[in-house]
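*Asks:* Next input, structure requested:
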Amino acid sequence: MVKLSVVVPFHNVQTYASDTLRSLRANAREDFEFLLVDDCSTDGTTELLARAEHEIPGARLLRHPHNKGLATARNTGLDAARGAYLTFLDGDDWLSPGFYARLVADLDALDCDFLRVDHVQVTGRKRSVRRVPVGRRDEVLSPRDVILPSDRSTAVDYPYAWAGIYRRRLLDRGLLHFTDGLRTAEDRPWIWRLHREAESFAVTGEPGIFYRRGVATSLTQIGDVRQLDFLRAFDQVIEETSADPEADLLLPKAVRTYCAVISHHLGNSERFEPRVARELRIRSAAALRRLPQDVLAETLAAMGEDRAGPLRRLKRRRPVLGAPTAGPGGPGGPAADPAVDPATSVHQETSTA
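*Replies:* Just a heads-up that it's a prediction; the model follows:
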């Protein structure tokens, strides 16, 4: 009987994978399994994983013949998982020894659908604890009840799939799979769906995950067109939330978050390739026009002119002939929205490209 399945995608993270694998070994238990998903690595990652399959108790290696991206790699692991509980780890992050045993014990004790946990953000030599934006700890709560308010950072603004542990019944209900093909922001539709549809959760102060930021291979560092998948991810959030029985209550939060993330990227567009920066403006304007206009107007009125003004001007731009109106898109910017932490504005995909 497998108690816990850990899904760990890897893609070209040879520099960091050894730390990840050592931390998995320090968390091994006879009833744990580690699903190592090689998303068609072309550096030395594949060889490291092949050795790890034999050296780490419970390790199973799954290989993609072609690179498919983080969302699909996680789904591959979920489809192979046998555990009563499930969690995730990225292939360039690591864990404190015994972390998963403590997490399993916490979920057993609280007896809820899922747990969310704090983590340690690592940027070069700097480390800082990032906390789940939920004040009540070690107490079973309703996930839906912590989506709001719209003007503050809440649980859906802490989208990291690996910062938690989940019961298998959520997988059986279709709540743990990711949207295939999303290259970035893949956690956003996922975290919203989880909080809208699961029945119970809790937050524990267990910062045993070490999350690397600023890695050279991450999409946020590369700045290519794959970053624009955040538009497709948030379009999905808006579409699914619009179908919710409490859409009138929840949509203002979803729209404000979408606007804040668009604003964040426009204000930092110098990191994009010029062609991608232009595409960002075109697709962001189309996204604003697709939003429910009454909710958008209220959102912009509440955001303040420094943030709302550029978005209003962008929305008024004349549509470009032939530009997409929906779906995948593939210095001196506006101030950050207090409801959204720029560090989580788009999940940094560092484990699979």
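*Asks:* can you list the domain ranges for this structure.
*Replies:* 4-217, 223-344 (automatic domain parsing).
*Asks:* Can you add mean pLDDT and mean neighbour count and give those back as TSV?
*Replies:* Heads up, the C-betas are built off the backbone N, CA and C, glycines and all. Output for the domains of the chain, formatted as TSV (pLDDT from 0 to 100; neighbours: other Cβ atoms under 10 Å):
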stretch	mean pLDDT	mean neighbour count
domain 4-217	96	19
domain 223-344	84	17
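*Asks:* what helices or strands is the lengthiest helix in the chain leaning on?
*Replies:* Longest helix in the chain, counting residues (DSSP state H): helix 247-267. For helix 247-267, the helices and strands in contact under the criterion 3 or more Cβ pairs under 8 Å, 6 or more residues apart in numbering; DSSP states H and E are helix 229-242, helix 274-290, helix 293-303, helix 305-316.
*Asks:* let's go with 6 Å and repeat that
*Replies:* helix 229-242, helix 293-303 (3 or more Cβ pairs under 6 Å, 6 or more residues apart in numbering; DSSP states H and E).
*Asks:* excluding its backbone neighbours, what's nearest the residue nearest the centre of the chain?
*Replies:* Residue closest to the mean C-alpha point of the chain, counted by Cα atoms, centre = their mean, is residue 187 at 2.9 Å. Using Cβ to Cβ, 6 or more residues apart in numbering and skipping the chain neighbours, the partner closest in space to residue 187 is residue 159 (3.7 Å).
*Asks:* how near is that neighbour to residue 309?
*Replies:* 27 Å (Cβ to Cβ, to the nearest Å).
*Asks:* So which residues of the stretch 51-200 of the chain form strands?
*Replies:* 59-63, 85-88, 94-95, 114-117, 119-123, 126-130, 164-167 (DSSP state E, counting those that start in this stretch).
*Asks:* Quick check: which of those strands is nearest to residue 302?
*Replies:* Between residue 302 and those, the shortest separation by Cβ to Cβ is 25.8 Å, and it involves strand 126-130.
*Asks:* Could you list every helix and strand that the closest one packs against?
*Replies:* strand 119-123.
*Asks:* who touches the strand it packs on?
*Replies:* Residues outside strand 119-123 that contact it (Cβ atoms under 6 Å, 6 or more residues apart in numbering): 127-130, 163, 207, 209-214.
*Asks:* List just the nearest of those to residue 233.
*Replies:* After measuring the contacts of strand 119-123 against residue 233 - Cβ to Cβ - the closest member comes out as residue 163, at 17.7 Å.
*Asks:* right, and the residue nearest to residue 187 touches residue 189 too?
*Replies:* No: Residue 159 is beyond contact range of residue 189, at 9.3 Å (criterion: Cβ atoms under 6 Å).
*Asks:* on that earlier part again, reformat the strands of the stretch 51-200 of the chain as a markdown table; add distance to residue 16.
*Replies:* Below are these laid out as a markdown table (distance: least, Cβ to Cβ, whole Å):
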| stretch | distance to residue 16 |
| --- | --- |
| strand 59-63 | 17 |
| strand 85-88 | 16 |
| strand 94-95 | 8 |
| strand 114-117 | 21 |
| strand 119-123 | 10 |
| strand 126-130 | 15 |
| strand 164-167 | 22 |
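*Asks:* out of these, nearest to residue 26?
*Replies:* strand 94-95 (7.2 Å).
*Asks:* Packing partners of that closest one?
*Replies:* helix 14-25.
*Asks:* tell me how far the helix it packs on is from the chain's mean position?
*Replies:* 21 Å (Cα atoms, centre = their mean, to the nearest Å).
*Asks:* In contact with residue 284, which residues?
*Replies:* residue 262.
*Asks:* hang on, residue 253 packs against residue 150?
*Replies:* Yes: shown here, residue 253 and residue 150 form a contact pair, counting by Cβ under 6 Å, at 4.3 Å.
*Asks:* Would you mind putting the CA coordinates of stretch 235-251 into PDB?
*Replies:* This file holds the C-alpha atoms of stretch 235-251, laid out as PDB (Å, rounded to 0.1, in the frame of the first residue of the first chain):
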ATOM      1  CA  ASP A 235      -8.800  33.000 -19.400                       C
ATOM      2  CA  GLN A 236      -9.500  29.600 -18.100                       C
ATOM      3  CA  VAL A 237      -9.800  31.000 -14.500                       C
ATOM      4  CA  ILE A 238     -12.400  33.500 -15.800                       C
ATOM      5  CA  GLU A 239     -14.300  31.000 -17.800                       C
ATOM      6  CA  GLU A 240     -14.600  28.400 -15.100                       C
ATOM      7  CA  THR A 241     -15.300  31.000 -12.300                       C
ATOM      8  CA  SER A 242     -18.100  32.500 -14.500                       C
ATOM      9  CA  ALA A 243     -19.800  29.200 -14.500                       C
ATOM     10  CA  ASP A 244     -19.700  29.000 -10.700                       C
ATOM     11  CA  PRO A 245     -23.000  29.400  -8.800                       C
ATOM     12  CA  GLU A 246     -21.400  32.200  -6.900                       C
ATOM     13  CA  ALA A 247     -19.800  33.900  -9.900                       C
ATOM     14  CA  ASP A 248     -21.100  37.300  -8.900                       C
ATOM     15  CA  LEU A 249     -19.200  37.000  -5.700                       C
ATOM     16  CA  LEU A 250     -16.000  35.500  -7.000                       C
ATOM     17  CA  LEU A 251     -15.500  37.100 -10.400                       C
END
